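Q: Sequence first, predicted model second:
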Amino acid sequence: NAGVTQTPKFRILKIGQSMTLQCAQDMNHNYMYWYRQDPGMGLKLIYYSVGAGITDKGEVPNGYNVSRSTTEDFPLRLELAAPSQTSVYFCASSLTSGSPAESTDTQYFGPGTRLTVL
Amino acid sequence: GENVEQHPSTLSVQEGDSAVIKCTYSDSASNYFPWYKQELGKRPQLIIDIRSNVGEKKDQRIAVTLNKTAKHFSLHITETQPEDSAVYFCAARAWRFGNEKLTFGTGTRLTIIP
């Protein structure tokens, strides 16, 4: 298994440009997440999905959009990039069941995308 | 919502000594507490986790303790080694079906001094 993969690894955008960060997992996990990590800081949740067709906002959703048309893929869209969106973006996935006693909960992270907006 | 506070933000320990990192959480419904290790330039990786029905869990040199009454949990690393140098994040999750997401602490940068 490749686990969680992300593309691209690095990207430089100009202010106002748009792009899509790709994320895929081959572990048949139902939950997927997008985080951003600013330099020297912790992880902030942008959006998450509990299954195909279902997404919800996290802590810092402004300026981003997501979709989840398949179990495997969870792309993150940046519209009108701003310098404040300069960050490392991590995608993660987990297998979470309807029972807290059965759920494994472990989140597996992708390698990250380092985005710079100039 | 859940709020997780983590202390200290930086910690330097002599090789071979022990390191302790502490976290507090606010939501009494939280029932799952993982710890992640992030080496420089790498992705976070789970090193140990604990559920609310357990007070302590150990895995070789790493242990986690949980005090539900006080709403705090701690990571203990014994016999520290240079490869333990990294940033460590605690997290907490309150179980509400359809709303299972982790809230992370702000991280502790652990440096092991040879």
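A: Great, that's in hand.

Q: Give the burial count for residue 25, as a bare number.
A: If you meant another chain, say so; for now it's chain A. The burial metric for residue A:25, expressed as a neighbour count using other CB atoms under 10 Å in any protein chain shown, is 24. In this view, the C-beta of every residue, glycine as well, is placed from N, C-alpha and C.

Q: wait, chain B
A: 24.

Q: need the contact list for it.
A: Each residue near residue B:25 by CB atoms under 8 Å, 6 or more residues apart in numbering or on different chains is listed here: B:2-5, B:33, B:71-73, B:92, B:103.

Q: Write a PyMOL command that selects only the buried members of these.
A: Restricted to buried positions by 16 or more other CB atoms under 10 Å in any protein chain shown, the PyMOL selection for the contacts of residue B:25 reads:
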select buried, chain B and resi 2+4+33+71+72+73+92+103
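
Q: of the contacts of residue B:25, closest to chain A?
A: Of all those, chain A sits closest to residue B:103, with 8.0 Å by CB to the nearest CB.

Q: Which residue is the nearest non-sequential neighbour of residue B:93?
A: Distances taken as CB to CB, 6 or more residues apart in numbering or on different chains put residue B:32 closest to residue B:93, at 4.4 Å, once the chain neighbours are dropped.

Q: do residue B:70 as well
A: Take residue B:70 and drop its neighbours on the chain: the residue closest to it by CB to CB, 6+ apart is residue B:24, 7.8 Å away.

Q: again with residue B:10
A: Closest residue in space to residue B:10, ignoring its immediate chain neighbours: residue B:109 at 4.8 Å, by CB to CB, 6+ apart.

Q: Need the contact partners of the helix or strand of chain B with the lowest mean pLDDT.
A: The element with the least model confidence among the helices and strands of chain B, by mean pLDDT, DSSP states H and E, is strand B:103-104, at a mean of 91. Outside of strand B:103-104, the residues within contact range by CB under 8 Å, 6+ apart are A:42-44, B:1-4, B:25, B:36, B:89-93.

Q: Kindly recompute the last result at 10 Å.
A: Residues from elsewhere that reach strand B:103-104, judged by CB atoms under 10 Å, 6 or more residues apart in numbering or on different chains: A:35, A:37, A:42-45, A:58-59, B:1-4, B:6, B:23, B:25-27, B:30, B:34, B:36, B:44, B:89-94.

Q: re earlier: for beta bridges, what are the partners of the residue nearest to residue B:93?
A: Per DSSP bridges, the residues bridged to residue B:32 are residue B:51, residue B:93.
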